[in-house]
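Undergrad: What follows is a predicted protein model with its sequence.
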Amino acid sequence: MCKSPLHSFLLSLPKCEHHIHLEGALTPQLVFDLASKNNIPLPDLPHYQSPEALAARYAVFNSLDDFLNIHYANMSVLITEDDFYELAWSYFLAAHADGVHHAEVFFDPQSHTSRDIPIASVIKGYKRALDRAEAELCVTSQLIMCFLRHLPVSSAHTTFDSATEFINDGTIHAVGLDSSEVGFRPELFTDVFSKAKEAGLRRTAHGGEEGDVSYITGALDALDAERIDHGIRLIEDPELLKDIAVRGTLLTICPLSNVYLRTTKSVASLPLREFLEAGVQFSLNSDDPAYFGGGILNNYCAVEEAFGFSVDEWRRIAIAGVQGSWIDDTRKRVLLEKIDDMPESDLSPNA
Ligand code: HPA
Ligand code: ZN
């Protein structure tokens, strides 16, 4: 719990999450539990001696790639459809407790198919958790299939083709692009993104996390991306910033991730005030909650402690999250009404 007088307001504020990698919800404890259940040897390294040692290693990530190497190694414990289900269900329980009402969640099929796990095990396990979250927690959600940009483009095409059944039946709603950014330009993935658009899928891409603003323009122009994941380096290009504000393109910002991966010095150094004032739409997200200091509420609290936003500014952020979600107008109206109806008791007297 944060020290802000707005804490209970932030907890109750209806949230949409747009930037969460389901594999990034794999906690150190679950890594060890699944390794033991599935008989998977963990690397013979000091930080794999215990869940606590692994968690301690996360405090000293020095770059995106430093994190990704451990993130991909940890995923080796995910084997069965039930493993994927259990992982996603643990995310939805935590997100629901944090006040998430709608989540658009990433997954990385290539991290699993490269280990000979069938794509159907991954998607069916995740989908079961999404369906249960809607039925039991009233949390709606969409699945976003990401391509790993450090792998050959041909692998992205193979992945897209192998997911045809789940694209055609609506299980997969969108495509995304993640993993190491610098040197793996969005333009490489133009053809597979245009195939996705033809198939009726929405499109988003990581950009401007470690890469410069040309990775953002590349995602918009070459991939026809409708959202930019991270996008914090947009602040370096005032003309593009104005353009993105006019277009209404949503940035899915992950404040604690940026601090853990050293793409910003501190939450207070993020250009959130500038984005708000310029009318750039953004949502706040957890990215990889098992690695970067917890879920979406911790990110909201860290932002409040750094910026001291007013209740009205928080309502604007929550509304941008609803408007930028890939949901129909009826669901949007329900969520907007929930934001409007926030009970007065959730507002501290000093707010
Ligand atoms: N950036 C790129 N790829 C990722 C990230 C991220 O922040 N998290 C998980 N995969
Ligand atoms: Zn991410």
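TA: Cool, got the structure. Numbering: from 1, shown residues only. Ligands and ions are numbered 1, 2, ... in the order given.
Undergrad: Neighbouring strands - and their directions - for the helix or strand that contains Arg203?
TA: Taking DSSP states H and E as the criterion, Arg203 maps to strand 202-207. Note on strand 202-207: by DSSP bridges, its sheet partners are strand 172-178 (parallel), strand 227-230 (parallel).
Undergrad: May I have the first one exported as PDB, CA atoms only?
TA: Taking only C-alpha atoms (Å, rounded to 0.1, in the frame of the first residue of the first chain), the coordinates of strand 172-178 have been written out as PDB:
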ATOM      1  CA  ILE A 172      -6.600 -14.200 -31.000                       C
ATOM      2  CA  HIS A 173      -7.700 -10.600 -31.300                       C
ATOM      3  CA  ALA A 174      -4.400  -8.800 -32.200                       C
ATOM      4  CA  VAL A 175      -0.800  -9.100 -33.000                       C
ATOM      5  CA  GLY A 176       2.200  -7.400 -31.200                       C
ATOM      6  CA  LEU A 177       5.900  -7.200 -31.500                       C
ATOM      7  CA  ASP A 178       8.300  -7.600 -28.500                       C
END
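Undergrad: After that strand, which helix or strand is next?
TA: helix 190-198.
Undergrad: Let me know the angle separating that next one from strand 202-207.
TA: Interaxial angle of helix 190-198 relative to strand 202-207 (axes from the mean of the first three to the mean of the last three Cα atoms, to 10 degrees): 150 degrees.
Undergrad: Show the average pLDDT along helix 190-198.
TA: Throughout helix 190-198, pLDDT has a mean value of 98.
Undergrad: hmm, back to that, pick the most buried one from the strands paired with strand 202-207.
TA: strand 227-230 (a mean of 28; mean count of other Cβ atoms under 10 Å). Bear in mind the C-beta positions are built from the backbone N, C-alpha and C, glycine included.
Undergrad: Now that one: average pLDDT?
TA: Averaged across strand 227-230, pLDDT comes to 98.
Undergrad: Contacts for stretch 254-270, please.
TA: With Cβ atoms under 8 Å, 6 or more residues apart in numbering as the contact definition, stretch 254-270 has outside contacts at 19, 58, 61-64, 66-67, 209-210, 230, 232, 253, 272, 284-288, 291-294, 298-299, 302-303, 305-307.
Undergrad: restrict the residues you listed to contacts with ligand 1.
TA: Within the set of the contacts of stretch 254-270, contact with ligand 1 (Cβ under 6 Å from any ligand atom) is found for Leu64, Glu209, Asp287, Asp288.
Undergrad: element containing Arg128, please.
TA: helix 119-137.
Undergrad: what's the average pLDDT for whichever helix or strand comes after that helix?
TA: Once the chain leaves helix 119-137, the next helix or strand it forms, by DSSP H and E, is strand 140-148. The average of the pLDDT scores along strand 140-148 is 98.
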